[in-house]
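Undergrad: My questions concern the predicted model and sequence given below.
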Amino acid sequence: MTETQVPSRNPLVALLVAIRPRQWLKNVLVFAAPFAAGAITEVPVLLDTLGAFVAFCLVSSATYLVNDARDVELDRAHPVKRARPLAAGHITIPVALGSALVLALAGLVLAWLIRPELAGVVVAYLICTTAYSLLLKHEPVIELGLLAMGFLLRAIAGGVASELPISQWFLIVAGFGSLFMAAGKRFSELERSSGTSAVEASPTQPTPRRRSLDGYTVGFLRFTWAIAAAVTISAYCLWAFEVGQSPSSFPWAAWSIVPFVLAILRYAIVIDRGRAEAPEDAVFADRGLLTLGAIWLVLFTLGTMGL
């Protein structure tokens, strides 16, 4: 296969690829609030949270289709994104937009059946992501805020679906943690486009530069993700002590601060090396991060259970 060729796909397979099931991992955030409240093992809470997860998978896939339809010409000039089903011509724009409408309506109906308030959160998510895809994705700073808001709304959805109170510290951790990763992603993209990243660009075909990067400097993005990391760590410390107030034989939640902070610092190395363009890939490619995440999960779970 030459560099300009993209393997053909069956239309149904192409549509499945276009809705990006790998990205559904981001929707696991809906479990965060019930998990932190120690209520995730209660069957009604678990079922409602699973429903919220499915609803967000449906509507997020709808927004991916809209985004790809909007950027189809730009993606065709990109050495990696040209393999996306719309850019490669494996599905048409009308099919993509029609599928997006069906997925969005299905997600909204499911959310409404679980709880009307959850449907309101889903609508807010759709508004933010659609505004990002169609109008604001090239606006510096605003696009970072919209990216972070998408993650924050997922986190809020878990609490709304199960009617659980959501800690203000949890919301700050979710919001600024998302900003940390979003700014790190743009930092890596800017480093790569300027030729200073540790990640090698294609020697035969330069990667097109997204327009929003023209409004950033490396110094500004480094400042942004550093500030976001600091706020995330501070808020997590306060949240961990709040969680640890439940009766427990050992301050498990407080000790979870250690792997959490180390994971933030470890991911900061990934950002600083310009390797955080795809956060989910960066995390799963780093065994150290996965190990720290597993340790954090065990400690925080013990803390929420009050053992």
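TA: Ah, there it is.
Undergrad: Can you list the buried residues in the lowest-mean-pLDDT helix or strand in the chain?
TA: Least confident helix or strand of the chain, by mean pLDDT, DSSP states H and E, is helix 72-76 with a mean of 77. Under the neighbour-count criterion of 16 or more other C-beta atoms under 10 Å, helix 72-76 has 72, 75 buried. All C-beta spots, glycine's among them, are computed from the backbone N, C-alpha and C.
Undergrad: can you list the residues that contact that helix?
TA: 68, 81-82, 84, 86-87, 93, 208 (C-beta atoms under 8 Å, 6 or more residues apart in numbering).
Undergrad: Quick one: buried ones out of these?
TA: The buried subset of the contacts of helix 72-76 (16+ other C-beta under 10 Å) comprises 68, 81-82, 84, 86-87.
Undergrad: secondary structure class for A276?
TA: Following DSSP: H, G, I helix; E, B strand; the rest coil, we place A276 in the coil state.
Undergrad: And the lengthiest helix in the chain, what's buried?
TA: Assignment by DSSP state H gives helix 43-70 as the longest helix of the chain. By 16+ other C-beta under 10 Å, the buried positions in helix 43-70 come out as 45, 48-49, 51-70.
Undergrad: Report the secondary structure state of T130.
TA: helix.
Undergrad: And for it, the neighbour number?
TA: By the criterion of other C-beta atoms under 10 Å, T130 has 18 neighbours.
Undergrad: my guess is it contacts T63, does it?
TA: Yes - the pair T130 / T63 is scored as a contact, 6.6 Å apart, by C-beta atoms under 8 Å.
Undergrad: Which helix or strand contains T224?
TA: helix 218-243 (DSSP states H and E).
Undergrad: distance between that helix and the chain's centre?
TA: Computed by C-alpha atoms, centre = their mean, to the nearest Å, the chain-centroid distance of helix 218-243 equals 17 Å.
Undergrad: Check which helix or strand G38 maps to.
TA: Going by DSSP H and E, G38 is not part of any helix or strand.
Undergrad: correction: L86
TA: Per DSSP H and E, there is no helix or strand for L86.
Undergrad: can you tell me which residues contact it?
TA: L86 neighbours (C-beta under 8 Å, 6+ apart): 18, 65, 68-69, 72, 75, 92-93, 96.
Undergrad: is it possible to export the residues you listed to a markdown table including distance to P279?
TA: Output for the contacts of L86, formatted as a markdown table (distance: C-beta to C-beta, whole Å):
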| residue | distance to P279 |
| --- | --- |
| A18 | 20 |
| L65 | 21 |
| D68 | 19 |
| A69 | 24 |
| V72 | 24 |
| D75 | 20 |
| T92 | 30 |
| I93 | 28 |
| A96 | 24 |
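Undergrad: In those residues, find the pair that's most separated.
TA: By the measure C-beta to C-beta, D75 and T92 form the most distant pair in those, at 14.4 Å.
Undergrad: quick revisit: so which elements touch the helix holding T224?
TA: On a contact count with 3 or more C-beta pairs under 8 Å, 6 or more residues apart in numbering; DSSP states H and E, helix 218-243 meets helix 168-193, helix 252-255, helix 257-272, helix 287-305.
Undergrad: Make CSV out of those and add distance to V218 and mean pLDDT.
TA: Formatted as CSV, these follow (distance: least, C-beta to C-beta, whole Å; pLDDT from 0 to 100):
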stretch, distance to V218, mean pLDDT
helix 168-193, 6, 90
helix 252-255, 36, 88
helix 257-272, 10, 95
helix 287-305, 23, 90
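Undergrad: Deepest-packed of these, please.
TA: helix 168-193 (a mean of 23; mean count of other C-beta atoms under 10 Å).
Undergrad: Against which helices or strands is that helix packed?
TA: On a contact count with 3+ C-beta pairs under 8 Å, 6+ apart, helix 168-193 meets helix 32-36, helix 142-162, helix 218-243, helix 257-272, helix 279-284.
Undergrad: of the contacts of L86, closest to V122?
TA: Relative to V122, the closest of these is L65; by C-beta to C-beta it sits at 16.3 Å.
Undergrad: how near is that closest one to R22?
TA: Distance, L65 to R22, by C-beta to C-beta, to the nearest Å: 15 Å.
Undergrad: same deal with P44?
TA: From P44 to R22 the distance is 30 Å (C-beta to C-beta).
Undergrad: can you check A282 too?
TA: 13 Å.
Undergrad: Comparing those two, which residue is more hemmed in?
TA: A282 (20 against 10).
Undergrad: Contacts only, for that one.
TA: Here A282 is in contact with 267, 270, 275-276 (C-beta under 8 Å, 6+ apart).
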